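Trainee: sharing a model prediction with you, sequence too.
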There are 2 protein chains.
Amino acid sequence: MEFKINNDYFNKAISEVSKAVSSRTTLPILTGIKITADTEGLTLIGSNSDIVIERNLPSSSDGENMLEVFKKGSVVISAKYLSEITKKLPGDIYLKANENQSVVIQSDEIVTKLNGLNAEEYPSLPEVHLSNNYKMNSDDLIDMIKQTVFAASKSETRPVLTGVNFSIEESVLTCVATNSNRLALKKYQVETNLSGSFIVPGSSLIEFMRLFASYTTEIDIYATETNIVFKSNTISLYSRLIEGVYPNVSGLIPEQSSTVITLDTIQLLKGIDRASLFASEWRNNNISLQVTDQSRIKIYSKASEMGQIEETQYIKNISGDAELNITLDGNFMMDALKAIKEDEVKLCFNGSMRPILVLPVRNDFQLQLISPVRSY
Amino acid sequence: MEFKINNDYFNKAISEVSKAVSSRTTLPILTGIKITADTEGLTLIGSNSDIVIERNLPSSSDGENMLEVFKKGSVVISAKYLSEITKKLPGDIYLKANENQSVVIQSDEIVTKLNGLNAEEYPSLPEVHLSNNYKMNSDDLIDMIKQTVFAASKSETRPVLTGVNFSIEESVLTCVATNSNRLALKKYQVETNLSGSFIVPGSSLIEFMRLFASYTTEIDIYATETNIVFKSNTISLYSRLIEGVYPNVSGLIPEQSSTVITLDTIQLLKGIDRASLFASEWRNNNISLQVTDQSRIKIYSKASEMGQIEETQYIKNISGDAELNITLDGNFMMDALKAIKEDEVKLCFNGSMRPILVLPVRNDFQLQLISPVRSY
């Protein structure tokens, strides 16, 4: 294998696939990046036990010639050393690997020799059927993930809850995540005849957001029994799926509410943030909300040793019972409010012991639930 | 105590004195900031066992009225809660403390109550004689610290080496730091009749640099047997001194060299950085320099398992023996080069077993020494 490549072009791709590479793996080959050169360009692959990132580098990009392949072939090179050294090279990079996996990387007067690994030992990619797919814009998919994934569980006690459940029915994709104490749900209209559901690890979705943050592109989504692939023209992210049955959450969402109030989203977020002053004193970050009349809500928090903080905010709209006192985890409420893009937010209560429904005022494709905390 | 103060003005001062406050202290009073209000303005004090930061806030700043004191007094308030809450308050801050150290902090509709501590229990500041002083510009002092402190020892085995030795003789201030394997020395002309020396903890000097990074001001330096004070108009930093006798380093500096070469500072730094690729494979970051002829130096590093890297750079000037091979710690060399502000650097060798002298080409007020590593 032998090629010459533009420095920045190579570096960006290395840093993208490196995101899938962990230095702590029992399989030495997985600490490397698999580079394959052929007539079409280069392919870089990095992977761990959860995800695989594949990056295609065509010979030219934006009409500019970026890469010249002199000799086809493939090799696996330590991701750590490859990314460290190529970042520090001043100009175009010339890379050559011989049959013994001995790699030479050269730029100007700088010559690096690295011992590579045999590409044939690199695990092959999961197989997917390229028919069962639907398309989404990467920005829309990032939005869906951003508005749900934070609510997934961080604890492995119930593995299915560490993922986001994707389900498709009648051309609507629904993403749901919950840790049993809070829930986030977001819907999106897609063009497909498919139906079904699968649970994607939260960590894979966070990697997806990072990887596609700087691209706006069409994504093809393919799923099998065990894997999902998010595929654009030049980048593919493969992830394992979580086995198991996702709980049916539709029964949890209250259909009626005894109190519904509308507040300014940003003001409420700032108020909850301020009231979180004593968060470190509690196991949960206990914040209380008190509606005392038709026009004002009090946000407060007490830590007897330290002190207390309280403020009042104006209610924009209220219906139902104007008397309420409820305590909740301020961090859950802040996460929920950050996921809402509208200026105004609707909080729907059913007394102080039942979950709070948090909704954007004008968008019925998104909802969140937060269980109250028993306050003593 | 009762006052009203501009939000940003108060916040900046709180964040400055907070730098001296540690949340991990056995003395609860030291987790707080001491606030004193009198007719001249506010004084904020934060401290730990090593340093004290005192900040004076006059009633007006840059001709603008920033502060109104309604009632004199003083109180100690948790640095953590004070800085967290004041950062999040929307407008001017009104603060009131009664005789029971109960503190109310208010801004718009937001009311925080904190339990303060008795200011009389706060330890008093170290005493200094305001006569024995000399003056320096803060930028010059920061330069001196930046160019020496990195060479101080991180290990407490010889406490004096964890500090920077300040010595004054015949109107020249000399700062020296060494960890026995490398040494940095910088001189500066000051106007004073004083002479003597003292060892300032490296950590205090790093705090000094952070604190004065955004100010260019005249600093008065006072030292006693046990303490040093760096004092500007509005901020003072007190530090303990390290007891003990600093080693005499003048004998370590070679007077003659068998090889002297001049190189481009930035190019050399980049070359050493690249050659540090295998640093994690070594206990030291072993880099070798090889002069083979009058015009070129080879920079290289080998890690038998992983590979090797080498490059050549052009020598701008050479005198003495043009044959040399020496191995050194690349991190020490990079630190040394970063401390040199000139385009060109002079490396003076006395064979492969003696320390390398690193000098800026045109400034004889700065020098550095690096011991070679025995290479196998």
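Mentor: Alright, I've got the coordinates.
Trainee: pretty sure A:Ile299 sits against A:Leu269.
Mentor: No. Between A:Ile299 and A:Leu269 there is no contact under Cβ atoms under 8 Å: 10.9 Å. C-beta here means a position set from N, CA and C on the backbone, and glycine is covered the same way.
Trainee: quick one, which of the two is more surrounded?
Mentor: A:Ile299 (23 against 19; other Cβ atoms under 10 Å in any protein chain shown).
Trainee: near chain B at all, whatever helix or strand the more buried one lives in?
Mentor: Per DSSP states H and E: A:Ile299 is located in strand A:296-303. No. Using Cβ under 8 Å from any Cβ of the partner chain, strand A:296-303 never reaches chain B; the gap is at least 9.1 Å.
Trainee: output the contacting helices and strands for that strand.
Mentor: Taking 3 or more Cβ pairs under 8 Å, 6 or more residues apart in numbering or on different chains; DSSP states H and E as contact, the helices and strands that strand A:296-303 lies on are helix A:265-275, strand A:286-291, strand A:307-314.
Trainee: ok, 10 Å please
Mentor: In terms of contacts (3 or more Cβ pairs under 10 Å, 6 or more residues apart in numbering or on different chains; DSSP states H and E), strand A:296-303 is packed against helix A:265-275, strand A:286-291, strand A:307-314, strand A:324-329, helix A:330-338, strand B:110-115.
Trainee: nearest to A:Leu89, of the ones you listed?
Mentor: Taking Cβ to Cβ, helix A:330-338 is the member of these nearest to A:Leu89, at 40.2 Å.
Trainee: can you dump the C-alpha atoms of the closest one in CSV for me?
Mentor: C-alpha atoms of helix A:330-338 as CSV (Å, rounded to 0.1, in the frame of the first residue of the first chain):
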residue,chain,number,x,y,z
GLY,A,330,-34.0,20.3,39.8
ASN,A,331,-31.5,18.6,37.5
PHE,A,332,-34.3,16.6,35.8
MET,A,333,-36.3,19.8,35.3
MET,A,334,-33.3,21.7,33.9
ASP,A,335,-32.6,18.8,31.4
ALA,A,336,-36.2,18.9,30.4
LEU,A,337,-36.3,22.6,29.8
LYS,A,338,-33.0,22.6,27.9
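Trainee: what angle do it and strand A:324-329 make?
Mentor: Here helix A:330-338 runs at an angle of 100 degrees relative to strand A:324-329 (axes from the mean of the first three to the mean of the last three Cα atoms, to 10 degrees).
Trainee: now do the contacts for the residue in chain A sticking out farthest from the centre.
Mentor: In chain A, counting by Cα atoms, centre = their mean, A:Glu109 sits farthest out from the average C-alpha position, at 41.7 Å. Going by Cβ atoms under 10 Å, 6 or more residues apart in numbering or on different chains, A:Glu109 touches A:90, B:271, B:296, B:298, B:310-314.
Trainee: at 8 Å instead, please
Mentor: A:Glu109 makes contact with B:311-313 under the criterion Cβ atoms under 8 Å, 6 or more residues apart in numbering or on different chains.
Trainee: output the residues you listed as CSV; include the columns neighbour count and pLDDT.
Mentor: Below are the contacts of A:Glu109 laid out as CSV (neighbours: other Cβ atoms under 10 Å in any protein chain shown; pLDDT from 0 to 100):
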residue, neighbour count, pLDDT
B:Glu311, 22, 96
B:Thr312, 18, 96
B:Gln313, 19, 97
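Trainee: what is the nearest of those residues to chain A?
Mentor: Using Cβ to the nearest Cβ, B:Glu311 is the member of those that sits closest to chain A, with 4.1 Å.
Trainee: re the thing from before, buried ones in the strand holding A:Ile299?
Mentor: Going by neighbour count (16 or more other Cβ atoms under 10 Å in any protein chain shown), the buried part of strand A:296-303 is A:297-303.
Trainee: hang on, the earlier thing: from the contacts of A:Glu109, list the ones also adjacent to chain A.
Mentor: Near chain A, by the rule Cβ under 8 Å from any Cβ, you find B:311-313 out of those.
Trainee: could I get those residues in a markdown table, plus columns for distance to A:Lys113?
Mentor: Formatted as a markdown table, the ones next to chain A among the contacts of A:Glu109 follow (distance: Cβ to Cβ, whole Å):
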| residue | distance to A:Lys113 |
| --- | --- |
| B:Glu311 | 12 |
| B:Thr312 | 15 |
| B:Gln313 | 19 |
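Trainee: what does stretch A:277-286 contact?
Mentor: A:276, A:301-303, A:305-307, A:309, A:327-331, A:373, A:375, B:81, B:84-85, B:112.
Trainee: again, only this time at 6 Å
Mentor: Residues outside stretch A:277-286 that contact it (Cβ atoms under 6 Å, 6 or more residues apart in numbering or on different chains) are A:276, A:301, A:303, A:306, A:309, A:327, A:329-331, A:373, B:84-85.
Trainee: can you check stretch A:189-201 too?
Mentor: Applying Cβ under 6 Å, 6+ apart, the contact partners of stretch A:189-201 are A:134, A:160, A:163-169, A:171, A:173, A:223, A:228, A:239, A:241-242, A:246.
Trainee: drop anything exposed from these.
Mentor: A:134, A:160, A:163-168, A:173, A:223, A:228, A:239, A:241-242, A:246.
Trainee: between all of those residues, which two are separated the most?
Mentor: Spatially, the most separated pair among the buried ones among the contacts of stretch A:189-201 is A:Tyr134 and A:Val160, at 22.7 Å (Cβ to Cβ).
Trainee: quick one: low-confidence parts of the stretch 201-350 of chain A?
Mentor: By pLDDT under 70, the weakly predicted segments of the stretch 201-350 of chain A are A:282.
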